[in-house]
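Need a 3D model of the following:
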Amino acid sequence: MDFTALNTVVATLAVIMAVGFICRKAGIIDDVASKKLSALILKVGQPAMIINALSKAEYSNENLKIAGIMVVAGFVFHLVMFLLAHCAALPLKKVPDEQKITELSLIFANSAFIGFPIFEALLGPQGLFLASFLTISFNVLFWTLGLGIFARGRDDIKITIKKVLLNFGTVPCVIGFALYLLKHPAIGFEMPKFLGDSLQYLNNLCTPISVLIIGSLIATQSVKKMVCSWKIYYVNLVRLIVLPIIIALICKICHVPELYAIFFSAAAALPIASSVTMLSETYNLDAGYSSLCVGTTSLLSVLTLPLILQLVEKILYM
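Numbering: from 1, shown residues only. Sure thing, here's the model as predicted:
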């Protein structure tokens with residue numbers, strides 16, 4: 001693993017996060033701007049990122065096989081994370097909102113906005129290729145399983161066939177994967193350059209804006225809340241340290257090929273997906289608690305990610 005490139009990416013993201021923190025304190029980003037930017041990323045930037053990543057992935061028969069493996073493996077990975085997260089969230093069951101947010105936070109990592117540059121730094125173009133197809137399982141399950149977790153005990157959140165099939169995650173995945181398959185030599189479809197460039201520009205919004213939002217969310221929380229809440233320490237411990245070690249051990253025991261073992265261990269070590277806070281705001285759960293979880297894991301991952309991945313490397317090669 002290329003830890004020099006990884007450290008550079010992590011440091012860059014830390015600087016952008018700090019800028020978001022300063023912008024919030026200076027009043028440049030307020031509650032209205034934060035929510036609008038979150039909606040922009042969730043409803044425009046993220047779909048564009050998914051379609052862009054899948055449609056521009058290099059096509060070959062071998063890559064198609066790897067893509068298929070990644071789609072299946074991605075679902076298995078997230079379902080394993082669901083089982084671990086469900087158990088880990090039980091100590092917070094006295095406060096249902098916090099239990100739901102914790103469970104969702106431990107399942108879904110920031111595998112796109114922060115993950116894409118991290119995977120590319122670790123594994124080069126192949127890491128980015130794998131990450132592109134991980135977005136399929138992430139988005140399908142986030143908008144179905146994730147919404148189902150938030151709907152527990154709530155009559156106002158309805159899970160319908162329409163919501164499962166038509167949402168900001170599943171539709172872009174279908175479009176992106178269809179565009180990827182159309183690149184088969186027998187069809188030879190190439191997206192018009194102006195559309196490809198448009199998707200790329202919208203894709204480029206995602207990482208800087210989402211990290212800016214994370215930095216601004218950290219600025220809204222008191223230092224006392226961040227330092228004195230055992231729940232925040234607990235979520236950070238499980239998300240950033242325990243889960244990647246467990247996934248690495250599972251990969252080791254199951255003799256998962258090295259490339260996939262490194263990839264999924266790294267995916268488990270990433271901070272919480274910022275989409276969790278966006279969904280919390282949308283359905284009126286405790287967005288403050290959610291932002292603390294997302295913000296602190298994003299902040300601390302700057303320190304933990306390089307260290308835990310070195311430990312994961314030792315586990316996989318021992």
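
so how many other residues sit close to the nearest residue to Leu79 once chain neighbours are set aside?
Residue nearest to Leu79 in three dimensions, not counting chain neighbours: Leu141, with 7.8 Å by Cβ to Cβ, 6 or more residues apart in numbering. C-betas here are computed from N, CA, C, even on glycine. Around Leu141 there are 23 other residues, counting by other Cβ atoms under 10 Å.

if I look at Leu141, how far off is Asn63?
From Leu141 over to Asn63 the distance is 23 Å, taken as Cβ to Cβ, to the nearest Å.

which stretches of the stretch 1-150 of the chain aren't confidently modelled?
The stretch 1-150 of the chain contains residues with pLDDT under 70 at 1-3.

now the helices for the stretch 1-150 of the chain?
Listed in chain order, the helices of the stretch 1-150 of the chain (DSSP state H, counting those that start in this stretch) span 3-25, 31-40, 46-55, 61-88, 96-107, 115-123, 125-141, 147-151.

which strands and helices sit next to the helix or strand harbouring Gly288?
Using DSSP states H and E, Gly288 sits in helix 287-317. Counting contacts by 3 or more Cβ pairs under 8 Å, 6 or more residues apart in numbering; DSSP states H and E, helix 287-317 packs against helix 3-25, helix 96-107, helix 193-219, helix 223-228, helix 230-237, helix 243-253, helix 258-269, helix 275-282.

so how far is that helix from its chain's centroid?
Remark: helix 287-317 is offset 12 Å from the chain centroid, using Cα atoms, centre = their mean, to the nearest Å.

Now do the same for that helix: mean pLDDT, whole number.
For helix 287-317, mean pLDDT is 86.

quick one on the thing from earlier: how about the helices and strands packed on helix 287-317, which one is nearest Asp156?
Nearest to Asp156 among the helices and strands packed on helix 287-317 is helix 275-282; the distance by Cβ to Cβ comes to 11.8 Å.

Now tell me what touches the closest one from outside.
35, 38-39, 41-42, 46, 101, 104-105, 108, 142, 146-147, 150, 217, 285-287, 290-291, 293-294 (Cβ atoms under 8 Å, 6 or more residues apart in numbering).

Narrow the residues you listed to those that are buried.
The neighbour count (16 or more other Cβ atoms under 10 Å) marks 38, 41-42, 46, 101, 104-105, 108, 142, 146-147, 150, 217, 285-287, 290-291, 293-294 as buried among the contacts of helix 275-282.

quick one: Ser34 and Leu217 touch, right?
Yes - in this structure, Ser34 is within contact of Leu217 by Cβ atoms under 8 Å, at 7.1 Å.

any residues in contact with both of the two?
Common neighbours of Ser34 and Leu217 (Cβ under 8 Å, 6+ apart) are Arg24.

measure Leu141 to Met81 for me?
For Leu141, the distance to Met81 - Cβ to Cβ - is 9 Å.

Now for the most centrally placed residue in the chain: which residues touch it?
Central residue of the chain (Cα atoms, centre = their mean): Asn110, 2.2 Å from the mean position. Residues in contact with Asn110 (Cβ under 8 Å, 6+ apart) are 210, 270-274, 298.

And Ser229, by the same measure?
Leu292.

now Met17, nearest residue through space, not along the chain?
Nearest residue to Met17, sequence neighbours excluded (Cβ to Cβ, 6+ apart): Gly215, at 3.9 Å.
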